[in-house]
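Peer 1: kindly return the folded structure for what I paste below:
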Amino acid sequence: MPGLLEECRYLFDNDDIYSILSVDKSASDKQIQKGYHKLSLQVHPDRVSGEEKENATKKFQALGKIYAVLSDRDKRALYDESGEIDNDSKVDENKDWYEYWRLLFAKISVDDIKQFELKYKGTDEELKDLKEAYLEHEGDMEGILGSVLCCTHEDEPRFRKIIHQWIRSKDVPSFPAFAKESKSQVKKRKRKSEKEAEEAEKARKELGMDGENSLQALILQRNKSRAQQADNFFEHLEQKYSKEKKKTKKTK
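Peer 2: Numbers count the residues shown, from 1 in each chain. Next comes the predicted model:
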């Protein structure tokens, strides 16, 4: 059985467990948990399929082991000092890393996702995200729609109206990619989005998918070209509902 550092070299081409989580050696416990959470969402076994699933599962398990080391004060101190991991080849090999993950992060239901979308659209938070996306992508609507949470091509007319108001009031600059986009480009984007929706619905019926995990999988499948939006969406939800459920427990 290979040790954890050897696993990391094989799976991530890297044996610096801080670097794998994209955090500094001086990172706080909260930053380490966030790094673990973000990366584990990308390789969670419920969110991949086919030939990717086996490798994703191995990465998911390795990330759980990494977090178990860095969240333990003594194990982290040993690693920081020597670059070694205590009982390297025996780091909880039999642990159920899926359940471990679920204990750390709240489980999101279909209703949670629907409720979040209803509460998010039209809020100051959505406007802030829209403005940031507009500036980051310099008016490119493809990039904007790929960045703002919960949006589809149906939101484009609403977004355009808001952005035009910002431009008139000089809140944002007028980028050529936005101001000069042709009608044919808009129609092409709409056709592409409708096709993705049809493919996702077809896949759902063929696979008999239903429930929480299938909804997540379909959102990801429908948004393969919008992977960052999907990751941000689920990360945002995980954090939001984790906080809310902790508050509920305290009030009981």
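
Peer 1: only C-alpha atoms from now on, for both contacts and neighbour counts.
Peer 2: Will do.

Peer 1: which pLDDT value belongs to His164?
Peer 2: Looking at His164, its pLDDT reads 97.

Peer 1: was I right to think Leu78 contacts Asp72?
Peer 2: No - using C-alpha atoms under 8 Å, Leu78 makes no contact with Asp72, being 10.1 Å away.

Peer 1: so the two - more neighbours on which side?
Peer 2: Per other C-alpha atoms under 10 Å, whichever of Leu78 and Asp72 has more neighbours is Leu78, with 14 against 11.

Peer 1: can you give me the pLDDT of Tyr100?
Peer 2: For Tyr100, the pLDDT comes out at 66.

Peer 1: what ranges do the helices span in the stretch 1-150 of the chain?
Peer 2: In the stretch 1-150 of the chain, the helices defined using DSSP state H, counting those that start in this stretch lie at 4-12, 17-20, 29-42, 52-70, 73-82, 97-104, 110-120, 124-136, 141-145.

Peer 1: go through those and name the closest to Phe159.
Peer 2: Closest approach to Phe159 among the helices of the stretch 1-150 of the chain is made by helix 124-136 (7.7 Å; C-alpha to C-alpha).

Peer 1: can you mark which positions in the closest one are buried?
Peer 2: Counting neighbours by 16 or more other C-alpha atoms under 10 Å, one finds that the buried residues in helix 124-136 are Glu126, Leu127, Leu130, Lys131, Ala133, Tyr134.

Peer 1: same question for stretch 3-20.
Peer 2: Buried residues in stretch 3-20, defined by neighbour count with 16+ other C-alpha under 10 Å: Leu4, Leu5, Glu6, Glu7, Cys8, Asp15, Asp16, Ile17, Tyr18, Ile20.

Peer 1: now render those as JSON lines, adding pLDDT and distance to Val172.
Peer 2: Shown next, in JSON lines, are these (pLDDT from 0 to 100; distance: C-alpha to C-alpha, whole Å):
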{"residue": "Leu4", "pLDDT": "88", "distance to Val172": "49"}
{"residue": "Leu5", "pLDDT": "91", "distance to Val172": "48"}
{"residue": "Glu6", "pLDDT": "91", "distance to Val172": "49"}
{"residue": "Glu7", "pLDDT": "90", "distance to Val172": "48"}
{"residue": "Cys8", "pLDDT": "92", "distance to Val172": "44"}
{"residue": "Asp15", "pLDDT": "92", "distance to Val172": "44"}
{"residue": "Asp16", "pLDDT": "95", "distance to Val172": "41"}
{"residue": "Ile17", "pLDDT": "95", "distance to Val172": "41"}
{"residue": "Tyr18", "pLDDT": "96", "distance to Val172": "38"}
{"residue": "Ile20", "pLDDT": "95", "distance to Val172": "37"}
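
Peer 1: possible to save the residues you listed as TSV with distance to Pro176?
Peer 2: Below are the buried residues of stretch 3-20 laid out as TSV (distance: C-alpha to C-alpha, whole Å):
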residue	distance to Pro176
Leu4	50
Leu5	49
Glu6	50
Glu7	48
Cys8	45
Asp15	45
Asp16	43
Ile17	43
Tyr18	41
Ile20	38
